[in-house]
Each structure stands twice: as C-alpha cells, then as structure tokens.
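3D, please:
(chains A and B)
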Number of protein chains: 2
Amino acid sequence: MKNFSVAKSRRLRSTPYTSRIEKQGVTAYTVYNHMLLPAAFGSTEDSYKHLKEHVQVWDVAAERQVEISGKDSAKLVQLMTCRDLSKSKIGRCYYCPIIDENGNLVNDPVILKLAENKWWISIADSDVIFFAKGLAAGNNFNVNIIEPVVDIMAIQGPKSFALMEKIFGKKITELKFFGFDYFDFEGTEHLIARSGWSKQGGFEVYVQNTESGQKLYDNLFEVGREFNVETGCPNLIERIESGLLSYGNDFDNNDNPFECGFDQYVSLDSDINFLGKGKLKKVKSKGAQKKLMGVKINIKEISLTRSKNLYDKNNNIIGELRSACYSPHFQMVIGIAMIQKSHWEVSQSFKVEINDNTFNGNVCDLPFI
Amino acid sequence: MKNFSVAKSRRLRSTPYTSRIEKQGVTAYTVYNHMLLPAAFGSTEDSYKHLKEHVQVWDVAAERQVEISGKDSAKLVQLMTCRDLSKSKIGRCYYCPIIDENGNLVNDPVILKLAENKWWISIADSDVIFFAKGLAAGNNFNVNIIEPVVDIMAIQGPKSFALMEKIFGKKITELKFFGFDYFDFEGTEHLIARSGWSKQGGFEVYVQNTESGQKLYDNLFEVGREFNVETGCPNLIERIESGLLSYGNDFDNNDNPFECGFDQYVSLDSDINFLGKGKLKKVKSKGAQKKLMGVKINIKEISLTRSKNLYDKNNNIIGELRSACYSPHFQMVIGIAMIQKSHWEVSQSFKVEINDNTFNGNVCDLPFI
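Got it, this is the predicted structure:
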C-alpha cells in the first residue's frame, strides 16, 4: 500500500513525548482525540513479537481525560454510562460504554474514580467532553468539566512488572488489575493504574507533572535495558488476537452495546438512571440483530482501510469486516466483523473480495486467544 | 522536517473521492472529524499559486454535517450558538460560533437552514453531534440528530464560476455568497452553496447521492480542462493570508469568540437564549485580555507543528504563535497568534525562537490581504 505523509499542525496535537519517540524511530502516526498517536516503529509484526516477550513504553497521551468534578459529578457520570457505578470505589478503573439517547455507543472509556466527587473518563477517539457539557448544561448539573493536563505513558509486556518494580518498588506489584494508586518518582507523585491496551500485562502512568513524566520516560529506557525495553505503541496484531475492541474501527455511534458484546456492562435491572436505558431495554427484549465476531481468512496479508462486505454463497451481504491483520499465531488473516444474526453460528463460511480476488473465510468467537 | 506516514484504518474514514485523489497524486493527509482530509498534492506553494489563478476541486468530505430536525430544532440550534438566528432564512448559510457553558468555543461551523425545522451544521474538527445530543437530552427537546451521508466537494478559485456555469448553467452564477440552492446534474439534484474555505471564490457541493457525486467529480475534471482545473485542498498559505481561522489550530475550547475577532457574531442584546450568554456578557464588560492577530517574521521558511511562545525584549511571554507559513505575497513568514492585550498595538515587536535561532517579528492586523 502506498504511504501518505501526515501533515502536522497544532490541531493534531503533539505530546510531551513526541520529540523523544521521533528520535527513537517512530515511522507512522494515527490521529486520536485530535492528537498524534504513534502507530508504528518499523515492522508491526516485529513489535508484536517483542511486546509478547519483553516490555515496551508507549506514548498514549492521546488517551485524553475528561475530568468531571463537583456536587453532581456522580449523577452525570452515571447518566452517561449503562454500567452501574453505584457501588464503584475510589482507586478503581471501570470499563464503561457511554450511551446516547438511541442506546448507541458514544465511546468506551475506562473511568477512574478519583474521589466521591471527582472522576476521570479516559476516552477512546470521540469528544466525550462535549457530550458531558451538553448533558450537564441541559440538566443544570452542578459540575466542572475540563480536559486536565494528563499525558499517559503505558508500560506493557510481561517484563513490565519487573521493570516497574525496579523503579517504584515492591508496592507496585501489589496493584490489582484495574486498580490505581499513587507512586513516587524522584519526589513527584504519579497516578499509576494496572491497565493498558494490550493483554500482555502492564501499567499506565497518568502523567500530570510533565517534566517529571519526561524524566520517568527516559528512566524507563535506562533501567529497562536489562529487560530489553523498546518503544512501541498499541499493536494491531496483538489487540485483534486478544479481542480488544477499538471505537471507530470495530464499532461506532451506529452500534449498541449488545451488538459489541458488552452485555456484562449493561445494567438494565438496577434503578440507576442513564441515557438510552429505555431504548436498550427494547433492544434486549427484541434481541440484537447483528454482533461483533471474529473471522479467519486463509490468506497471508491484508491492509484494511475501510469496511469490507462479507457475502454468503448467494452473494447476500452477511456482515462487514472492520479490522483485520495477518496473525503470526494463526498463520492467516484474522479480523473483527459485524455479523448478521443469520450467520452467528461459529464456522459459518463467507466470501470476501480482496484486491480483486475472492477468498473464503469462517466466522469464529472472540477473543481469538 | 521528517515525514511520517499516516496509518490508515476504518477509524480514519475514507471518503467517496479517496480512490480518485490517490490516483491524482495526493501526498499528505490530515485527519479532520475522524476522516482523511487531503493536505497536499506536492508543493503547497505551487498549489497556492494555481488556486489564485485557476480552479481546483477539493475533497472536503471531512466537513461533516450534523443534521438537526424536528419540532424543537430551531430552539436547539439557537441554544448552541451566540449568533442570532431568529431572522435566518431558508436557503442561506450562517457562520456561527458554537459556545459552551463557559462562553468558550466548541466549533465554528457554517449552519445551513434547509427548512424551518431542518438544519445542517457543517462542522470544523470537533464532535458537535455529541454536544447537540447532550443538550437535546438534557433539555428534553423533540429533535432528531444524525450525521447524514453528505460528502462535500469544493470547487474553488477565480475560474470556478466559469467551470460551474458550463456544467450547471447560468442559474448557478446568480447564487449569492453564502446562499445555496438545488441544481441538477444528469438527473440528480445536488445542494450547492456559494461558499468554501478560500477567499478565491467558489462553491461547495453537498453530495448526498454518492454515485452522482463521483460522476460530477470526474466531469469537473473533464469540463475543467479548458480552465486548467487541478486537484487541491484547503491551502495553508492562502488561508493564512486571507485570515481564515481554523478551529484547533488558531483557537480552541480554551478561547472565547471575542478573543477570536468574532464580535459581529455575538448577539448579547437580543433576547435569544444560548449557552454561555451570561459568561460572554461578563467577558464583554471586562474586555478580552488576549486576541488573535497577525504576525510577520522576516525569515523565509517555517514548519509549525505546535504553539510557539512569543517574547518581549525582557523575555516575558506576550503571545503564542499558532499557525504560520512562508507567504509568497509578503516574501516572509506570516502567522496567526494569540496576543496579550499589552501588545495589541500594530507593529509591536517580539522575539521568537525557531530552530535554535532567535528572530524578531511584528504584530499586525488580520486579515493580511
């Protein structure tokens, strides 16, 4: 596939780590929340193999925060998500589908409860801040909504635990999955969560003190040498194999949470109040008519830049391939597709046209691994 | 400056014209409303010269529409903007700052009044749809809010009038600036406005019938041969010389309309109801403390990828350069900067550091030309 340059400007915001990653050899960017998000450091497959074996440091500052504080903050946050947060605890992260008036998805952030009246919504790629502002104004909520200066770096991979322990001490290894706490680095406290956009384990540092964060970034590479640390970024192959979904790629504002397999995060029976609750009750009683599933296609490469229709043998559309990559693990192309109900049975076959050739594929469950 | 590839995926949406512009030699993209927006076809300066003399066809599908219809649509649209729309007319476009609860900018779209109860908000780069959805839900408005299938192509440049007349007939030359009407192309009606993101004159075709739009795109290049038609895109040099502001580049959600010179679009004295009205009254009575102005720096090139501080002779920050380019017209670098009140006097000098050298510049009024 032909390469095109990204035209940089202030509107595609740089991060505090941009100058570093450019020295370290970033080759491609995507744009996420109006910010540059590294998308490749050379070969995606090499980086995938490294990530599964060693440890990587990622500039994921593009995971912006929407900070909601004030008297009605819990009410507003609950209004935005179908997940029941009434028993949520300070110091915990919650994966929360954000829902609009139609019961469709606006975003799928991780929400951090910082205090009873202070929340960070760590967003995927859509302007949740304006949704929150609209809802707050319309409901006369007493809240303050800002995008704080927070630039996340992620430390991912099986050796991330050893690396982080060397810098922050034993305490950090005791952090539970999706828990967060505050850790000292050379006199500055950083909020660190055990989380990240891979299934290889790791941490996310929510950097508020930019200067200290940059020092920590450099330190991770110094201390990490013995763990074979490298730069990296959210990896297409790893995230598809692991079934980690991506807002905008695998689903968007035309899809509802049941269609995306988020059933466990939809609380219709409790008495919480959230937007689209009535609509989601209807969807549930009727049953979803399409849903995200895995697909396998026995070819060796693919470069997907937009949706691709999947057809049955009579050339009826039975679904839409939305993300795909060559998987070294399965030694074939795998992908995530929105499949119509008629074809939910695992191992249903379909046809797909790639570069003017027609190939056969099969539907499977998610995650792949 | 080093080039980085853009990593394409479904999330950075392609347009109905993408395959065409890639054959026609697009070299760089930016991302705008989660969509690919062409940013260069080779030299920006060559394209600038061509745009000022001939005619270009632009893929600006990334200017997405937020369609608001239904009984309360006028109320919702007015709630979002400080511009008085009470006397707005069907068939007209209105440049409207969108304002949040703090009186700050959310976007600066052109709003098209399609019918008494149907509007298109033709947005700059932020998710206005979620702001509208939040406000509508919070206020219990009876509206329907969607992103319709509309993929704008722009025809810009002094010869755009002759080219469009050849295709659509005399009637199209009678369209007034910021007026729109419906025009037939081979049996399909297209909404066409006399508008566009250059000051060289032209039209925007709001393509709803994709197939007909693609045919029209091809036809513009066939018929346009005699007018020396070329592909192009919003041009950094032309737009800065003309003082056309860009949300995300020149201003953002931290700035209010008075700071951006939008005074004529702020209706504080009428009895319309819009968000942030009280805040903007306070800003007006206190007076803005910073505002966007032009700057000139007597150097021959610049590549601005983030804000740059401007300093007075005592090294106090007096402003922030946000967009800049080399201007063939002035034969020096010009730019758009947010300048503190102390330095609003035209021809005030400042210092700026570019590539480790310090240069002097001067403040001036906008637009440059």
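
for chain B, what's its nearest residue on the stretch 251-369 of chain A.
A:Thr305 (4.1 Å; Cβ to the nearest Cβ). The C-beta positions use only the backbone N, C-alpha and C, and glycine is treated the same way.

wait, doesn't A:Cys96 sit right on A:Ile111?
Yes: with contacts defined as Cβ atoms under 8 Å, A:Cys96 counts as touching A:Ile111 at a distance of 4.8 Å.

intersection of neighbour lists for the two?
A:Thr81, A:Leu85, A:Ile121 (Cβ atoms under 8 Å, 6 or more residues apart in numbering or on different chains).

and A:Asn273, how many neighbours?
Using other Cβ atoms under 10 Å in any protein chain shown, A:Asn273 is surrounded by 9 other residues.

what is the neighbour count of the closest residue to A:Leu191 other than its chain neighbours?
Nearest residue to A:Leu191 in three dimensions, chain neighbours excluded: A:Tyr206, at 4.2 Å (Cβ to Cβ, 6 or more residues apart in numbering or on different chains). A:Tyr206 is flanked by 22 other residues according to other Cβ under 10 Å.

where's A:Tyr206, which helix or strand?
strand A:202-207 (DSSP states H and E).

which residues touch whichever residue of chain A sits closest to chain B?
Closest approach between chain A and chain B, counting by Cβ to the nearest Cβ: A:Gly138, at 1.6 Å. Going by Cβ under 8 Å, 6+ apart, A:Gly138 touches B:Gly134, B:Leu135, B:Ala136, B:Ala137, B:Gly138, B:Asn139.

with secondary structure and pLDDT added, can I get the residues you listed in a markdown table?
Below are the contacts of A:Gly138 laid out as a markdown table (DSSP: H, G, I helix; E, B strand; the rest coil; pLDDT from 0 to 100):
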| residue | secondary structure | pLDDT |
| --- | --- | --- |
| B:Gly134 | helix | 98 |
| B:Leu135 | helix | 98 |
| B:Ala136 | helix | 98 |
| B:Ala137 | helix | 97 |
| B:Gly138 | helix | 95 |
| B:Asn139 | coil | 97 |
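
tell me which of those residues is nearest to A:Glu301?
Using Cβ to Cβ, B:Gly134 is the member of these that sits closest to A:Glu301, with 42.1 Å.

now that closest one: how far from B:Glu301?
According to Cβ to Cβ, to the nearest Å, B:Gly134 stands 43 Å off from B:Glu301.

chain B contacts on the stretch 151-300 of chain A?
A:Ser246, A:Tyr247, A:Gly248, A:Asn249, A:Asn253, A:Leu275 (Cβ under 8 Å from any Cβ of the partner chain).

reformat these as a markdown table; add pLDDT.
Below are those laid out as a markdown table (pLDDT from 0 to 100):
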| residue | pLDDT |
| --- | --- |
| A:Ser246 | 98 |
| A:Tyr247 | 98 |
| A:Gly248 | 98 |
| A:Asn249 | 98 |
| A:Asn253 | 98 |
| A:Leu275 | 98 |
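
ranges for the helices of the stretch 201-350 of chain A?
A:210-223, A:236-241, A:277-286 (DSSP state H, counting those that start in this stretch).

next: the stretch 51-200 of chain A.
So, for the stretch 51-200 of chain A - with DSSP H, counting those that start in this stretch - the helices run A:73-80, A:128-138, A:160-168.

and the longest one, how far from the chain's centre?
In this case it means helix A:128-138. Distance of helix A:128-138 from the chain centroid (Cα atoms, centre = their mean, to the nearest Å) equals 22 Å.

tell me how far A:Asn3 lies from B:Glu22.
Remark: distance between A:Asn3 and B:Glu22 (Cβ to Cβ) = 11 Å.

mean confidence for stretch A:5-18?
The average pLDDT within stretch A:5-18 is 98.

how long is it from one end to the other?
16 Å (Cα to Cα, to the nearest Å).

likewise for stretch A:190-206?
Note: stretch A:190-206 ends 7 Å apart using Cα to Cα.

just stretch A:148-163 next, same as before
28 Å.

please state the offset of that stretch from the chain centre?
14 Å.

thought A:His50 was touching A:Val229?
No: contact criterion Cβ under 8 Å: A:His50 and A:Val229 do not qualify, at 9.5 Å.

what touches both of the two?
Residues touching both A:His50 and A:Val229 (Cβ under 8 Å, 6+ apart): A:Gln56.

can you list the shared contacts of A:Cys96 and A:Ile111 in CSV and add neighbour count and distance to chain B?
As requested, those are exported to CSV (neighbours: other Cβ atoms under 10 Å in any protein chain shown; distance: Cβ to the nearest Cβ, whole Å):
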residue, neighbour count, distance to chain B
A:Thr81, 27, 13
A:Leu85, 19, 18
A:Ile121, 25, 13
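
in a markdown table: these, plus pLDDT.
Shown next, in a markdown table, are the shared contacts of A:Cys96 and A:Ile111 (pLDDT from 0 to 100):
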| residue | pLDDT |
| --- | --- |
| A:Thr81 | 98 |
| A:Leu85 | 98 |
| A:Ile121 | 98 |
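
restricted to strands, list those residues.
A:Ile121 (DSSP state E).

show the model's pLDDT score for the residue of chain A positioned farthest from its centre.
Taking Cα atoms, centre = their mean, the residue of chain A most remote from its mean C-alpha position is A:Asn314, at 36.1 Å. What the model reports for A:Asn314 is a pLDDT of 93.

equivalent analysis for A:Ala124, please.
pLDDT, read off for A:Ala124, is 98.

list the contacts of it.
Contacts of A:Ala124 (Cβ under 8 Å, 6+ apart): A:Tyr32, A:Glu63, A:Asn107, A:Asp108, A:Pro109, A:Ser246, A:Tyr247, A:Gly248.
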